[in-house]
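*Asks:* With the input below, show me the fold.
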Amino acid sequence: MLIKVIKPVVYLVIIINLVIAISYKRKSKKTPVKVVASIVILGIGLFVCDTVYTHRSFSSVEKAVEAYGDNAEIIRILQGENSTYVIMDNEGTVEGKIFPESSGKWKLPDSIFYGTGREYQDVKINIDMSTIEINGEWYILVTPNDDNYVVADVKDSVGTKFLEAENNKNEKICYGYMEHKPKDYWISVNGEKISLD
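*Replies:* Prediction:
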């Protein structure tokens, strides 16, 4: 991706200009306008590039995942009504991300307009619940935190059908989808009931 190459170069130019500006200040000289202007323009340019990059659309969820993380390996894809939940191994960490879909185009999950969720974590398990506020779809990912703990017998208060997959360590993970999260929602893993309100 071109933006991933350009960003470090722009950061380097900004840092060099900041060093020049600081050296002028230490010598009690007036900082040249060109130095200050380049810092401001490059800073604004970085902000605009990040905003445009985050809000780009992709023709497939696979292309969106590739843009999200070059090293992200897709474990499973769960298609919702207006979004796609991708469980991926991103540089050794298993994570689930929602890629919003509109008219057959997918957006990156980094947008501040989309995500919210709940998370439960203890010594044995990690439960990650994610949603897109604009349409209310919920995705649930249950992963082990302990290498010796096996995630099994996953149920919840609404009867979600949990699917199974294996992560990069050959550990079983479970994931599911529900259109809306009810009040007093709970999930049970290996008979242990956990409230996630």
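
*Asks:* For the rest of this, base every contact and every neighbour count on C-alpha atoms.
*Replies:* Noted.

*Asks:* can you map out the strands along the chain?
*Replies:* Counting by DSSP state E, the chain has these strands, from start to end: 72-79, 83-90, 93-102, 105-106, 115-121, 125-132, 138-144, 154-156, 163-166, 172-178, 186-189, 192-195.

*Asks:* Just say which of these is most tucked in.
*Replies:* Of all the strands of the chain, strand 138-144 has the most neighbours on average by mean count of other CA atoms under 10 Å, namely a mean of 24.

*Asks:* rewinding a little: any chance of a markdown table for the strands of the chain, columns distance to residue 19?
*Replies:* Formatted as a markdown table, these follow (distance: least, CA to CA, whole Å):
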| stretch | distance to residue 19 |
| --- | --- |
| strand 72-79 | 36 |
| strand 83-90 | 35 |
| strand 93-102 | 37 |
| strand 105-106 | 41 |
| strand 115-121 | 38 |
| strand 125-132 | 42 |
| strand 138-144 | 46 |
| strand 154-156 | 56 |
| strand 163-166 | 49 |
| strand 172-178 | 49 |
| strand 186-189 | 54 |
| strand 192-195 | 52 |
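
*Asks:* which one of these has the lowest average pLDDT?
*Replies:* Lowest mean pLDDT of the strands of the chain: strand 115-121, a mean of 68.

*Asks:* which residues touch the nearest residue to residue 24 once chain neighbours are set aside?
*Replies:* Sequence neighbours aside, residue 31 is the residue nearest to residue 24 in space, at 5.6 Å (criterion: CA to CA, 6 or more residues apart in numbering). By CA atoms under 8 Å, 6 or more residues apart in numbering, residue 31 lies in contact with 21, 24-25.

*Asks:* and which of the residues you listed is nearest residue 73?
*Replies:* The shortest approach to residue 73 among those belongs to residue 21, at 43.1 Å (CA to CA).

*Asks:* number of nearby residues for the closest one?
*Replies:* By other CA atoms under 10 Å, 19 other residues sit near residue 21.

*Asks:* Spatially nearest residue to it (excluding sequence neighbours)?
*Replies:* Per CA to CA, 6+ apart, closest to residue 21 is residue 31, 5.7 Å.

*Asks:* And residue 87, by the same measure?
*Replies:* That would be residue 96: by CA to CA, 6+ apart, it lies 4.3 Å from residue 87.

*Asks:* Would you agree that neighbour is in contact with residue 88?
*Replies:* Yes - Residue 96 lies in contact with residue 88 (CA atoms under 8 Å); the separation is 6.3 Å.

*Asks:* So which bits of the helix ranked longest in the chain are buried?
*Replies:* The longest helix of the chain (DSSP state H) is helix 2-26. Using 16 or more other CA atoms under 10 Å as the test for burial, helix 2-26 gives 10, 14, 17-18, 20-21.
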